[in-house]
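Q: Here you go, sequence then predicted model.
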Amino acid sequence: MGSNHKGIAVVIMGVSGAGKSTVGEMLGKDLNCSYIDADDFHPLSNKEKMKNGIPLSDEDRIPWLETLRGLLNASLVSGKTITLGCSALQKHYRDILRSADPNYEGSPGHVCVVKFVLLEVGVKVLMDRVKKRAAEGKHFMPPQLLQSQIDLLQIDASEGIFTVDASCSPETIVDNIKESVF
């Protein structure tokens, strides 16, 4: 017996330290759906590069994004909602994730079921968060790579990305996302 339920993927995006994991996990729990942390799918070579202060190239990122696209697609095809925490810094990276939508054609008329939410927060707050996480040994991304991510971040207003003030409490952020995306 088939289901008419249409899945949706919510990608919580932003630079390191924006709160993607915290917000994504909370949103997944609130929506009673799976949460995927994109960092868990980086190959060891990517993690080693970042740990050594070397920014990733497109050649490093594309296979990783394609893996994430496959995970999103499997969920969408089965009619499930899923949340993903992923930097998704540039439009062409987001286009790879958008193509997880089985009906995605890249045309302006199609309403893609892969939605993006940018967690936006000031550089000082980001740096404090990343330094704290690094000092606690909780992440492979060193603080010196934060500026490279900030420089790489491209947002095109035509994409319809929902932007949230990530200096708010995680609960407030999740409530804002639910009100705006669903």
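A: Good, I have the coordinates.

Q: switch to C-alpha atoms for all contacts and neighbour counts from now on
A: Will do.

Q: Tell me which helix or strand comes right after the longest strand belonging to the chain.
A: Identified as the longest strand of the chain according to DSSP state E is strand 114-120. Reading on from strand 114-120 to the C-terminus, the next helix or strand found by DSSP states H and E is helix 123-135.

Q: ok, now which ones touch the residue nearest the centre of the chain?
A: Nearest residue to the geometric centre of the chain (Cα atoms, centre = their mean): Cys86, 2.5 Å. When contacts are counted by Cα atoms under 8 Å, 6 or more residues apart in numbering, Cys86 touches Val11, Ile12, Met13, Gly14, Lys20, Asp37, Ala38, Asp39.

Q: same thing but at 6 Å, please
A: Remark: with contacts taken as Cα atoms under 6 Å, 6 or more residues apart in numbering, Cys86 is in contact with Met13, Ala38.

Q: Any figure for the gap between it and Tyr35?
A: Distance from Cys86 to Tyr35, counting by Cα to Cα, to the nearest Å: 11 Å.

Q: How about Asp60?
A: For Asp60 relative to Tyr35 (Cα to Cα), the value is 23 Å.

Q: On the three-state scheme, Arg69 is what?
A: helix (DSSP: H, G, I helix; E, B strand; the rest coil).

Q: ok, it touching Ser99?
A: No - the criterion here is Cα atoms under 6 Å, and Arg69 misses it with Ser99 at 7.1 Å.

Q: elements contacting the worst-scoring helix or strand of the chain on mean pLDDT?
A: Across the helices and strands of the chain, mean pLDDT, DSSP states H and E gives its lowest value to helix 123-135, namely a mean of 75. Helices and strands touching helix 123-135, as assessed by 3 or more Cα pairs under 6 Å, 6 or more residues apart in numbering; DSSP states H and E, are absent.

Q: circling back to that earlier point, give the pairing partners of the longest strand of the chain; include direction for each.
A: If you go by DSSP bridges, strand 114-120 pairs up with strand 9-13 (parallel), strand 162-165 (parallel).

Q: Pass me the low-pLDDT residue ranges in the chain, would you?
A: 1-5, 106-110, 133-135, 137-144 (pLDDT under 70).

Q: and with 50 instead?
A: Within the chain, the stretches with pLDDT under 50 are 1-5.

Q: Show me the helices in it, by range?
A: 20-31, 44-51, 58-77, 91-98, 123-135, 146-152, 170-181 (DSSP state H).

Q: Minimum distance to Tyr104: which of those helices has it?
A: Closest approach to Tyr104 among the helices of the chain (Cα to Cα): helix 91-98, 6.9 Å.

Q: Without its sequence neighbours, what residue ends up closest to Asn180?
A: You called it Asn, but residue 180 is Ser. Spatially, and ignoring its direct neighbours in sequence, Ser180 is nearest to Phe162 (7.6 Å; Cα to Cα, 6 or more residues apart in numbering).
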